[in-house]
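Enquirer: The following comprises the amino acid sequence and a computationally predicted model.
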Amino acid sequence: MLGMIRNSLFGSVETWPWQVLSTGGKEEVSYEERACEGGKFATVEVTDKPVDEALREAMPKIMKYVGGTNDKGIGMGMTVPISFAVFPNEDGSLQKKLKVWFRIPNQFQSSPPVPSDESVKIEEREGITVYSTQFSGYAKEADYIAHATQLRTALEGTPATYQGDLYYCTGYDPPMKPYGRRNEVWLVKTGAVH
């Protein structure tokens, strides 16, 4: 028990389980079609704030929950990537709302600790199939929009169909990591539950 409490926030990192179904690409853009497992997630919703600002509010709440601000006082370790849903307008710009989805580590899936912060919710959802493209750097709202646009363009002329009213932005790295950062944009294949 004490060992688990001492477990540092980024001490153990597992990857959200998924299967790559296919890969593709057009010009500079390559993508994967992935079936991502469902499960229990810690979520935080923020409205009325631009994406970058909303993330600065939501992420610390998720990190505190993962780090031990829960009814068991347990640091759970990390699952990557952390994803957040964004909601595009007709012109591609993003609405002032987002929802962070953190997949609870496998060891805690059956009975996740209860968040101490009421704005952190535990939700269960089915798996999703996504079209994913990867990019590096410290990602901001404009980067996610640009890569989502590139991915849509790369999927033109393929049988791919995906949701227009929502997509996911994901990150794999703690804020302190300056180099080799990995980010992705996920368009959700339609016919898949979200």
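Expert: Here it is on my side, so go on.

Enquirer: Low-confidence regions, this protein specifically.
Expert: Scanning the chain for pLDDT under 70 picks out 1-11, 191-194.

Enquirer: run the last query once more with 90
Expert: In the predicted model of the chain, residues 1-13, 27-28, 77-78, 173-180, 191-194 satisfy pLDDT under 90.

Enquirer: Who does the most centrally placed residue in the chain form a beta bridge with?
Expert: By C-alpha atoms, centre = their mean, the chain has its centre lying nearest to Ser83, at 0.7 Å. Here Ser83 shows beta-bridge partners Trp101, Thr170, assigned using DSSP bridges.

Enquirer: got the contact list for it?
Expert: By C-beta atoms under 8 Å, 6 or more residues apart in numbering, the contact list for Ser83 reads Val100, Trp101, Phe102, Tyr168, Cys169, Thr170, Trp186. Backbone N, C-alpha and C define where each C-beta goes, glycine included.

Enquirer: For Val47, grab the count of nearby residues.
Expert: Small correction: residue 47 is Thr, not Val. Residues contacting Thr47 under the criterion other C-beta atoms under 10 Å number 10.

Enquirer: Spell out which helix or strand contains the nearest residue to it once chain neighbours are set aside, please.
Expert: Of all residues not flanking Thr47 in the chain, Lys97 sits nearest, at 4.3 Å (C-beta to C-beta, 6 or more residues apart in numbering). If you go by DSSP states H and E, Lys97 is part of strand 94-103.
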